[in-house]
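>>> starting from these lines, generate the structure:
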Amino acid sequence: MRYRTRVTAPVAALLGTAAAVAVAPTASARPLAKPDQGTPGAETLGDTVYPSLGNDGYRVEAYHLDFAYDATTRLVDAKATLRIKATQNLSRFSLDALGLDVRAVKVGGVAATFELVDEKLRITPARTLPKNCAAAVHVEYGADPAKTLPYTAWVSNPDGFAICPQPNAAHTVFPCNDHPTDKADFSFRITVPDNLRGVASGTLTGTEQLDGGRTAYSYRSADPIATEVVQITVGDYVVKERQGPHGLALRDVVPTARATALEPALALTPNLVEWLEQRLGAYPFETYGLLPCNNDASNAFDFTGLETQTLTLYKPNFLLQEEKKIGSHMMHELVHSYFGNSVSPANWADLWINEGHADFYGLLYRYERGWADSLGLTTMEARMKDTYARGDQWRQSSGPVAAPNAANLFDSQRYLGGVLVLYALRELVGEDVFNRIERTFLDRYRNSAATTADYVAVASEISGTDQSGFLNDWLYGTKTPRMPNHPDWTVTPVVSSLVAPRHRAPGHYPDSTATL
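Numbering: from 1, shown residues only. Okay, here's the model as predicted:
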């Protein structure tokens, strides 16, 4: 997979205001090329799990999303301004888009021809964009959060909405290059009635009172974000702020009517951050907090939490439970700030890195506190022995750990199966070397994306031994390898009745985490 070069200028310098970007014909001093000098960009990035996801021929450097929410119609009027850089002479390019009512498109301030084909917004600029040319792409559109689609990121709440884009649904909210390899800087402007509040990933940069009893909230992220972990939400919220370790700004966005009841759960975050920083280093972003959106309906979303960057999405009722019922899962989601958000998957087949690590540290946190897990077990060794016994069954029903497909992507194999791989590596190299592997991997790929091969390479480098054979057997083998230091552990023979394949709607998945 390709990696874009990180932009060193802050998003404000790249975008300024949306209007400034829209009128800029191009950031390149070179003139636009003649129409016959370019070729269309590919409408895929070649992901093995979602082969139609993402687009080539350019990279996105920054997004500015301007949303206006109408509480009467419950519709969103939106403008998306993308700063792109062509990686070829580009006569036409596409953005991922589904369910959006696109009204107008401009490239470099000039009207462009566009069409919606399947889940692609095909854009033909007036002139070909030369390779290395930077240009502003401005899309005006409308969105209905309640619209019925094959899959969607929108969560419609009684007082507004939230979004859950993972893994492949951000393009139901805004036109984008919807793949985690093309991370970009983000800024937001959310206009809402005065009795509501608009919130997004990152830090609040401004509040503007407007005519007609409306308020505009502006946010900017200090670090790039993958489209699958962007958060934009509107509701009757109160923002509760507190300080975490080393002065980290913590902010929780909670339904006003439930703020007091949710306080015991929110107060757990500082200690969670402190525990994790001792193992993985400083928290990687400018802020963190929880978003218990105002919706406990069973069909609101079919997972417990989602690690949207700087703001983890939950249903409120989950967080009303006692600490031993929620603490391990809160750690799971916090770990995703490191594995999943700061270091994103370069291919969706690399999901085990995200989920395996989140469950690994979530379980360690649980067992340190003596909280029994869902099986009644109280140690990592006992849980891994149980998981090891299931290994061949999972490999047959869900594929190897690092070889999923769209139907089984979020099976337990990516979660507990991933934990088992990490446990095996730690047993082989020892805890000290394992911890250095973890930190080196996070430091090397911060604000970027990494493959399974990248993790294997770091493990080999830091341990001083080629680990490719060992880890490839664990990650891609059809049979569960022997566990280091545990020659007595056995694998349960495969029973055909236990391995019937499961099929799920794209973009939706149940909880497979062991941290609940």
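>>> can you pull out the helices in the stretch 201-350 of the chain?
259-266, 269-280, 316-319, 323-335 (DSSP state H, counting those that start in this stretch).
>>> could you dump these into CSV with mean pLDDT added?
Below are these laid out as CSV (pLDDT from 0 to 100):
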stretch, mean pLDDT
helix 259-266, 98
helix 269-280, 98
helix 316-319, 97
helix 323-335, 98
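>>> so for Gln467, which of these sits nearest?
For those, distance to Gln467 was read as CB to CB. The smallest value, 20.1 Å, belongs to helix 269-280. Quick note: C-beta positions are derived from backbone N, CA and C, even for glycine.
>>> what angle separates that closest one from helix 323-335?
50 degrees (axes from the mean of the first three to the mean of the last three CA atoms, to 10 degrees).
>>> on that earlier part again, which among the helices of the stretch 201-350 of the chain is found nearest to Ala457?
Using CB to CB, the helices of the stretch 201-350 of the chain put helix 269-280 closest to Ala457, at 19.2 Å.
>>> list the buried residues of that closest one.
For helix 269-280, burial by neighbour count (16 or more other CB atoms under 10 Å) applies to 269-270, 272-273, 275-277, 280.
>>> could you list the low-pLDDT ranges of the protein?
1-36, 497-510 (pLDDT under 70).
>>> ok, which stretches of it are helices?
For the chain, helices defined by DSSP state H occupy the ranges 11-15, 18-23, 259-266, 269-280, 316-319, 323-335, 351-368, 380-389, 391-398, 412-429, 431-444, 452-463, 468-476.
>>> as CSV, the ones you listed with distance to Val102 would be great.
Putting these into CSV (distance: least, CB to CB, whole Å) gives the following:
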stretch, distance to Val102
helix 11-15, 20
helix 18-23, 16
helix 259-266, 38
helix 269-280, 39
helix 316-319, 34
helix 323-335, 33
helix 351-368, 30
helix 380-389, 47
helix 391-398, 38
helix 412-429, 34
helix 431-444, 38
helix 452-463, 36
helix 468-476, 41
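>>> which one of these lies nearest to Gly206?
Closest among those, using CB to CB: helix 11-15, at 11.0 Å.
>>> before we move on, back to that, please convert the buried residues of helix 269-280 to a markdown table, extending it with distance to Ala146.
Listed next are these as a markdown table, based on distance: CB to CB, whole Å:
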| residue | distance to Ala146 |
| --- | --- |
| Thr269 | 32 |
| Pro270 | 37 |
| Leu272 | 34 |
| Val273 | 36 |
| Trp275 | 40 |
| Leu276 | 37 |
| Glu277 | 40 |
| Leu280 | 39 |
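>>> for Gly212, which of the helices of the chain is the nearest?
helix 18-23 (19.8 Å).
>>> pretty sure Ala136 contacts Ala112?
No: using CB atoms under 8 Å, Ala136 makes no contact with Ala112, being 11.2 Å away.
>>> what is in contact with those two at once?
Here Ala136 and Ala112 have Lys106 as joint contacts, going by CB atoms under 8 Å, 6 or more residues apart in numbering.
>>> more neighbours: those two, which one.
Ala136 (25 against 20; other CB atoms under 10 Å).
>>> gap between that one and Lys106?
According to CB to CB, to the nearest Å, Ala136 and Lys106 sit 8 Å apart.
>>> got it, and Val230?
23 Å.
>>> just give the nearest non-adjacent residue to Tyr237, would you?
Leaving aside its chain neighbours, Tyr237 sits nearest to Arg197 (4.5 Å; criterion: CB to CB, 6 or more residues apart in numbering).
>>> from Gly206, how far out is that neighbour?
14 Å.
>>> need the overlap of contacts for these two.
Shared contacts of Arg197 and Gly206, counting by CB under 8 Å, 6+ apart, come down to Tyr217.
>>> enumerate every residue touching Arg59.
Counting by CB under 8 Å, 6+ apart, Arg59 has contacts 4, 84-85, 87, 177, 182.
>>> which strand residues bridge it?
Lys85 (DSSP bridges).
>>> check the one 5 residues further on too.
With beta bridges defined as DSSP bridges, His64 has these partners: Thr81, Ser187.
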